[in-house]
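Let's see this in three dimensions:
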Amino acid sequence: MRPLRHTPLFMLSFFGLTGCTDILEKDLTGYGVVLLTPPDGFETTANVVHFRWEAVPEAEGYRLQLATPDMSNPVVFLADSLVPGTSLSLAIPPGQYQWRVRAENPNSHTAWYIRSLIVSEASSLDGLTPILAAPANNAAVAADPLVLTWSALTGAEDYRVELRSGGSTGPLVLAEIVTGLSWSPEGVTEGTYAWGVQGQNTTSSSQFSYRTLRVDRTAPGLPVLISPAQGATLPNAPFTLQWQSGADSFTLTQDSLYLLSTDQQAIRSALVTNAVWNDSLGPGTYSWFVRTLDEAGNRSTSVQRTFTVQ
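You can find the predicted model right below:
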């Protein structure tokens, strides 16, 4: 059996220190970004272009820039985005462009890797994609009626808009032909939906664009104050406020805590991630309450309690 070889302690310490430094300060100089799609010189009539590249070890993000007509003499930068992943889709009007990508972390970045791109005017709506504006994908809304908006699609004379239950392949709930760039369907009950838009003219039609949507018009349950009890007297020392958040079975919630002086002036107003708040106040009488807000903007407010600090 080969005998074990002992490594001096100072060498172990050295290896440990350099290992930590390497993790914290990884230098991306010399790494390359492999661009995948679209290929260099690509020409398309699509109004949405999908950019993809390969991952770079130790990169925390990728900066994509898109300029017209080129990077040497840019007239307009249409995009300058830091992307956490390895893809990005952009709506691009007709024109001549260059795009480039580099990998980044807080301490360094790679060189730029660049390609050219031409977006031509489409002769029909086939293959084009409407750009949805608002609400954002998977947004929770309480408005009644809803207001759904999108951007104009060149060549479209009108738009078919639809609302489906659950998702884009779910049962059709409502549909309408709209000449403008917004739609306000009435009578939509609470639930999860997909809304879609398709551009149309007399000879062609675009693809459908879909987003999901959650309609929530019910306020969360009332938050319940736990301690201190109403009228409690506390020593002049750090104390803790505790409560139970208002329940909501449909969307996420967030609590806001309000601490008021004797004359009902706010001395604390804070978003709280846990149903507990640690504080310290001078002698006096104070009141407090909690408000629970859901993603759609519905809210409920607890009762108000007072306590005295001696």
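
residue ranges for the helices of this protein, please.
9-24 (DSSP state H).

remind me which residues of this protein are low pLDDT?
The chain contains residues with pLDDT under 70 at 1-25.

which residues does residue 165 bridge with?
Beta-bridge partners of residue 165, counted by DSSP bridges, are residue 193.

Is it correct that it is in contact with residue 189?
No. Assessed by CB atoms under 8 Å, residue 165 is found out of contact with residue 189, at 10.0 Å. Yep, even glycine has a C-beta here, placed from its N, CA and C like the rest.

more neighbours, these two?
Neighbour tally, residue 165 and residue 189, criterion other CB atoms under 10 Å: the higher count belongs to residue 165, 13 against 10.

how close does the more buried one sit to residue 142?
Residue 165 sits 18 Å away from residue 142, going by CB to CB, to the nearest Å.

you'd agree residue 67 is up against residue 95?
No. Using CB under 8 Å, residue 67 makes no contact with residue 95, being 10.3 Å away.

out of those two, which sits in the busier spot?
residue 67 (19 against 15).

give me every residue that touches that one.
Residues in contact with residue 67, defined by CB atoms under 8 Å, 6 or more residues apart in numbering, are 74-78, 97-99.

Domain map for the chain?
Taking automatic domain parsing as the reference, the chain has its domains at 35-119, 132-215, 224-309.

and stretch 109-122, which residues are buried?
Within stretch 109-122, the residues that count as buried by 16 or more other CB atoms under 10 Å are 109-110, 115-117, 119, 122.

got the contact list for residue 168?
Per CB under 8 Å, 6+ apart, neighbours of residue 168: 194, 196, 208, 210.

hmm, 10 Å instead?
By CB atoms under 10 Å, 6 or more residues apart in numbering, the contact set of residue 168 is 162, 193-196, 208-212.

Repeat that for residue 122.
Counted by CB under 10 Å, 6+ apart, residue 122 has contacts 44-47, 94, 128, 153-155, 204, 206.

re the thing from before, now for residue 67 and residue 95: what residues contact both?
If you check residue 67 and residue 95 against CB under 10 Å, 6+ apart, the residues they both contact are 75-76, 78.

Do I have it right that residue 212 meets residue 193?
Yes. Counting by CB atoms under 10 Å, residue 193 is a contact partner of residue 212 at 7.1 Å.

Compare the two (neighbour count), which wins?
residue 193 (25 against 17).

Tell me how far that one lies from residue 265.
43 Å.

What's the local residue count around residue 45?
Neighbour count for residue 45, taken as other CB under 10 Å: 15.

any residues touching stretch 185-194, and which ones?
With CB under 10 Å, 6+ apart, stretch 185-194 has contacts from 137-138, 140-148, 161-170, 173-176, 195, 208, 210-218, 250, 296.
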